[in-house]
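Undergrad: here you go, sequence then predicted model.
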Amino acid sequence: MLEINLKTKAAAQTTQAFNSMCRFGEHLLGATADGLFALGGYNDHGVQIPARIDSGQFDMGMFQHKRFRMFYFGIETAGKLKLSIFGDGVLMEEYTVEGGTGIQSIRVPISRAAKGSYWQWRIENIDGAFFALHSVRVSPVILTRGA
């Protein structure tokens, strides 16, 4: 089942075969032929839940090749996360983030050798860690011919 938050446009997917879902007070409930289930927590009956956010490929409205010196993420997590940066579909950098208190500003340095027209980032949890993405900031360096 795919759930879409109409306010934030965020999507979530579950493997449970719910035939209906609802909010009752502060609780989310899902119904199957086997009964009613309360949805919540950070695991699925003790099984860790893998999660991943992929950005779309972006060119920032500029067709030229570009470099990024840094990607900055505002992230909240209690565990470990893996951040991946791609340029023109090729993995450029991977970075592991340890959890902390509150929202952390994470700086991911990008190699000067990395260049491309289309860029993308990915955040995925390790061992089912909770995470929330609050912001992403980048500043491109536009490359001229021969760079």
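TA: Here it is on my side, so go on. From a predicted model like this one, the values you see are computed outputs, not experimental measurements.
Undergrad: what residue ranges in the chain score low on pLDDT?
TA: Filtered on pLDDT under 70, the chain yields the residue ranges 1-16, 42, 146-147.
Undergrad: what's the domain layout of it?
TA: For the chain, automatic domain parsing gives the domain ranges 2-40, 52-142.
Undergrad: got a list of what the residue nearest the centre of the chain touches?
TA: Geometric centre of the chain, nearest residue: I53, 2.5 Å, by C-alpha atoms, centre = their mean. The contact partners of I53, by C-beta atoms under 8 Å, 6 or more residues apart in numbering, come to 122-124, 133. For every residue, glycine as well, the C-beta is placed using N, CA and C.
Undergrad: strands - which of those land there?
TA: Applying DSSP state E to these, the entries found in strands are 122-124, 133.
Undergrad: for those residues, pick the one with the most neighbours.
TA: Within the ones in strands among the contacts of I53, most neighbours by other C-beta atoms under 10 Å means I123, with 21 neighbours.
Undergrad: how far away is that one from G74?
TA: Counting by C-beta to C-beta, to the nearest Å, the gap from I123 to G74 is 11 Å.
Undergrad: intersection of neighbour lists for those two?
TA: L133.
Undergrad: circling back: nearest to F37, of the ones in strands among the contacts of I53?
TA: F37 has its nearest neighbour among these in E124, at 25.9 Å by C-beta to C-beta.
Undergrad: you'd agree that closest one is up against A51?
TA: Yes. Here E124 lies in contact with A51, judged by C-beta atoms under 8 Å, at a distance of 6.8 Å.
Undergrad: hang on, the earlier thing: would you turn the ones in strands among the contacts of I53 into a markdown table with distance to K80?
TA: As requested, the ones in strands among the contacts of I53 are arranged in a markdown table below (distance: C-beta to C-beta, whole Å):
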| residue | distance to K80 |
| --- | --- |
| R122 | 15 |
| I123 | 11 |
| E124 | 10 |
| L133 | 15 |
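Undergrad: which phi and psi values does E76 adopt?
TA: phi -120, psi 130 (degrees, to the nearest 10).
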